[in-house]
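Engineer: Mind folding the following:
(chains A and B)
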2 protein chains.
Amino acid sequence: MTSRPVDGLEIDGGRLAGELDTLAGFSDAPAPAVTRVVFGATDRQARDYFTSLCAEASLDVRCDAVGNTFARWVGAEASSPAVATGSHIDAIPNAGRFDGTVGVFGALEAIRALHRAGFMPRRSIELVLFTSEEPTRFGIGCLGSRLLSGALDPAVDHSLCDADQRTLHDYRTAAGFTGALSSVPLAAGAYAAFVELHIEQGPLLEAGGLDIGVVTAIAAPASLRIMIEGQGGHAGAVLMPDRHDAFLAGAELALTVEAAARATGSIDTVGTVGVCEVFPGAVNSVPSRTRLEVDVRDIDLARRDGVLAAIRDAGAAIASRRGVSVRVEPINADPPAGCAPGIVAAVTAACEAQSLRHQAMISRAYHDSLFMSRVAPTGMIFIPCRGGVSHRPDEFASPEAIAKGTAVLARTLAALAS
Amino acid sequence: MTSRPVDGLEIDGGRLAGELDTLAGFSDAPAPAVTRVVFGATDRQARDYFTSLCAEASLDVRCDAVGNTFARWVGAEASSPAVATGSHIDAIPNAGRFDGTVGVFGALEAIRALHRAGFMPRRSIELVLFTSEEPTRFGIGCLGSRLLSGALDPAVDHSLCDADQRTLHDYRTAAGFTGALSSVPLAAGAYAAFVELHIEQGPLLEAGGLDIGVVTAIAAPASLRIMIEGQGGHAGAVLMPDRHDAFLAGAELALTVEAAARATGSIDTVGTVGVCEVFPGAVNSVPSRTRLEVDVRDIDLARRDGVLAAIRDAGAAIASRRGVSVRVEPINADPPAGCAPGIVAAVTAACEAQSLRHQAMISRAYHDSLFMSRVAPTGMIFIPCRGGVSHRPDEFASPEAIAKGTAVLARTLAALAS
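Structural biologist: Here you go, the predicted structure:
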């Protein structure tokens, strides 16, 4: 495939950078950190800002029952499957300002640039803001795209709760998204393609002096919740041989997660214990209970499942040796996904049309694209971020890098929508 | 020393059990758990209940500037050093109902029983309710007895803060304890003796079928706060060899604390990591920061200091190997204390006068007695508690066991005050 030329395409990188600046101000954490939890006040402010810009760009805006927001540039063949793009704007606690947001506001600028260049799409182009890509509130990532792709049962409306035991239904209806959750899944063939622009969240592009990563596969996480119950007691009075310390069992298990991820011998396997809560959490009390949350990722499903099995086995051995109970509950375990060859080719052609240095790569992080790949041919465009850093306040992508990615996205959308 | 007979001494165990029942109702946690944090609403309710009972028993009640409360039965020689007894009523989160409270309300019943038996004290008998024996709010245990004994600089008034950054001064003055903190330390020779009744918080008395433990020495904790700073990042994107995971460093260090405490070969050494906080605490983020709180106890100071040195050495090695920073800050490190032979003899004689099965033992937990031993000859009376369990909702001492300990306390006070 060759990229159709879009004469006079110019990305307004300054405007886009300014919009990302404004967006970063909608945060529950002081700058430079960004915290923006789905259905919180700053999420609402950010959504309002986004829809106001979409309206200004003459896009048709609608929302579904979980708050996924769709901004459509209606093409000449309005009834044909649309070409979709988009990402998310929620941010985990104490995160940065580029994860997700570049794929939403960059896509908006791509559409504006195509409009300014006089491009007339044959297929409609639809920009999607996905609800809750981050698992912060409900413990499950990609909530919006899971529901949209049919990967998640709409019955979660009343079963998914946050730490305050408020349900998804409560939150979404309070936020004004009041329809039935069963109306969210996309109709078959709704989209001819889906393309997501995103920061790499890894070090390879920067290290290689590259402008663009053309994503060929998306790794997927399996997440586990591990509850350990031991026996508490007074830190002075319970003798060492009599202890059944839930935290020490958790500490051993966390080190096992690290060892099992390293033991595959593949650089593509990662394992993380990001959450450890210790109860009762007093300096003079032996921990009676510990909760871990574990994330294991790979692009190879069998290898990932091998790590999960090693963690379960270690949990059983530690439980037996320490006289504690270890309960391992899966939170989610999505299969990795390959990108569609046609989209990969379109992105590659767009890079070449602009003489950008590009490289095929996998996505180690997962994204809404993982779920969109179930309902449409899907691809991703990565741009470098400084030091590969993400999910931290010092996450950074330069305005130039963002503008280049936006230009590649614009050309890719134009090619797919022509 | 032989116990002077107190003819007709009768402990009203039923009344005492009822008072402990009432006290347990002043709790921030649902029964059977008790949470009662110093200067909170339930602490105030419990103090009011205590002082109302003291007034009913015709004791003279006064409070000092940190809220230590003194209820005095004035003796025939009112100007002689008094015989003191007492303990605390605060309770760590999700604790039980007997830790500390038995030594306060038991002492009150001992005084009432001596009064009913027609005993006339030569020395005054003073019951002390100590403020904040538990470290829950301010991170330091035995706040009241430390100040009373001169072990803590009154300048902490403005430097000790809770998690909300409110100072001790704020809390105590809001609770109505408004004097200068420098007025708290006891005058030299204020007390001729101090005796504390307490549940064992260990398994030995129950296992040995014993009624009373006669405490000969009190182990003391050294507490450390350990701050680990690593590098955060996205759990999918940061490759395993590139990680500097603060939680995994903390997990290794926690296991080192256990190993170092066991390595002394003495059953009297215990080491605990009761607090582990992981930041940012998201399932898909590599932990960037971890805070541990460590408690190491022994009755042998040199052995305890050896464990602390091993923890510091391990912290440095882990920091170097994992590329994280490990900062170890002492919270407190009090020396262990021996009990006064004269008090030990008086308690032993009281046991024998009542034909109770008793045994000399050490206190593995520390108590206000640890600090009172700096200003007065001190001893402790232990009673069995079920399974040795303490700092848990299922902490339990039977009314019979409490009544026996109360009788021993009453005879000991009588002997010391005669």
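
Engineer: For residue A:3, report the pLDDT, please.
Structural biologist: The pLDDT attached to residue A:3 in the predicted structure is 40.

Engineer: How about residue A:303?
Structural biologist: With respect to pLDDT, residue A:303 has a value of 94.

Engineer: Low-confidence regions, chain A specifically.
Structural biologist: Applying pLDDT under 70 to chain A flags residues A:1-5.

Engineer: So which residue is dead centre in it?
Structural biologist: For chain A, the residue nearest the mean C-alpha position is residue A:367 (3.7 Å; Cα atoms, centre = their mean).

Engineer: give me phi/psi at it?
Structural biologist: phi -150, psi 170 (degrees, to the nearest 10).

Engineer: Three-state assignment for the residue in the stretch 301-418 of chain A positioned nearest to chain B, please.
Structural biologist: When distances are taken as Cβ to the nearest Cβ, the stretch 301-418 of chain A approaches chain B most closely through residue A:365, which lies 3.8 Å from it. Where C-beta positions appear, they are placed from N, C-alpha and C, glycine not excepted. At residue A:365, secondary structure determined by DSSP: H, G, I helix; E, B strand; the rest coil is coil.

Engineer: Just the helices from chain A, written as ranges.
Structural biologist: For chain A, the helices defined by DSSP state H occupy A:13-24, A:41-56, A:101-116, A:143-148, A:156-159, A:168-174, A:204-208, A:246-263, A:301-322, A:341-353, A:368-372, A:399-417.

Engineer: Let me know which of those helices is the nearest to residue B:272.
Structural biologist: Taking Cβ to Cβ as the criterion, helix A:246-263 is the member of those that comes nearest to residue B:272, at 9.1 Å.

Engineer: Are that closest one and chain B in contact anywhere?
Structural biologist: Yes: interface with chain B: helix A:246-263 contributes A:247-248, A:250-252, A:254-255, A:258, A:261-262 (Cβ under 8 Å from any Cβ of the partner chain).

Engineer: and residue A:167, what is it in contact with?
Structural biologist: Contacts of residue A:167 were listed using Cβ atoms under 8 Å, 6 or more residues apart in numbering or on different chains, and they are A:157-161.

Engineer: which one among the residues you listed gets closest to residue B:329?
Structural biologist: Among these, residue A:161 lies closest to residue B:329 (Cβ to Cβ), at 37.8 Å.

Engineer: just to revisit the earlier point, columns mean neighbour count on top of the helices of chain A, output as TSV?
Structural biologist: Rendered in TSV, the data for the helices of chain A read as follows (neighbours: other Cβ atoms under 10 Å in any protein chain shown):
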stretch	mean neighbour count
helix A:13-24	16
helix A:41-56	17
helix A:101-116	25
helix A:143-148	29
helix A:156-159	15
helix A:168-174	18
helix A:204-208	17
helix A:246-263	23
helix A:301-322	17
helix A:341-353	21
helix A:368-372	29
helix A:399-417	25
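
Engineer: what does the stretch 301-418 of chain A put close to chain B?
Structural biologist: For the stretch 301-418 of chain A, the residues in contact with chain B under the definition Cβ under 8 Å from any Cβ are A:331, A:363-366, A:388-392.

Engineer: change it to 7 Å
Structural biologist: Selection of the stretch 301-418 of chain A residues close to chain B by Cβ under 7 Å from any Cβ of the partner chain yields A:364-366, A:388-392.

Engineer: Next, count neighbours for residue A:135.
Structural biologist: The number of residues packed around residue A:135, counting by other Cβ atoms under 10 Å in any protein chain shown, is 23.

Engineer: Surely it and residue B:281 touch.
Structural biologist: No: between residue A:135 and residue B:281 there is no contact, the gap being 11.9 Å when judged by Cβ atoms under 7 Å.

Engineer: re earlier: could I have the buried ones of the residues of the stretch 301-418 of chain A next to chain B as ChimeraX selection syntax?
Structural biologist: Buried members of those, identified by 16 or more other Cβ atoms under 10 Å in any protein chain shown, are gathered into one ChimeraX selection as follows:
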select /A:364,365,366,388,389,390,391,392
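
Engineer: Show me what from the stretch 51-200 of chain A comes close to chain B.
Structural biologist: Taking Cβ under 7 Å from any Cβ as the test, the list of the stretch 51-200 of chain A residues beside chain B reads A:92-94, A:135-136, A:141.

Engineer: among those residues, which are in strands?
Structural biologist: Taking DSSP state E as the definition of strands, those contribute A:92-94.

Engineer: most neighbours, which of those residues?
Structural biologist: In terms of neighbours by other Cβ under 10 Å, these top out with residue A:92 at 27 neighbours.

Engineer: What distance do you get for it to residue A:33?
Structural biologist: 10 Å (Cβ to Cβ, to the nearest Å).

Engineer: Same question for residue A:310.
Structural biologist: With distances defined as Cβ to Cβ, the gap from residue A:310 to residue A:33 amounts to 35 Å.

Engineer: just residue A:230 next, same as before
Structural biologist: Residue A:230 sits at a distance of 35 Å from residue A:33 (criterion: Cβ to Cβ).

Engineer: okay, these two: which has more neighbours?
Structural biologist: Neighbour tally, residue A:230 and residue A:33, criterion other Cβ under 10 Å: the higher count belongs to residue A:230, 24 against 20.

Engineer: Spatially, what comes nearest to that one if we skip its sequence neighbours?
Structural biologist: With Cβ to Cβ, 6 or more residues apart in numbering or on different chains as the measure, residue A:246 is the residue that lies nearest to residue A:230, at 3.5 Å, once sequence neighbours are left out.
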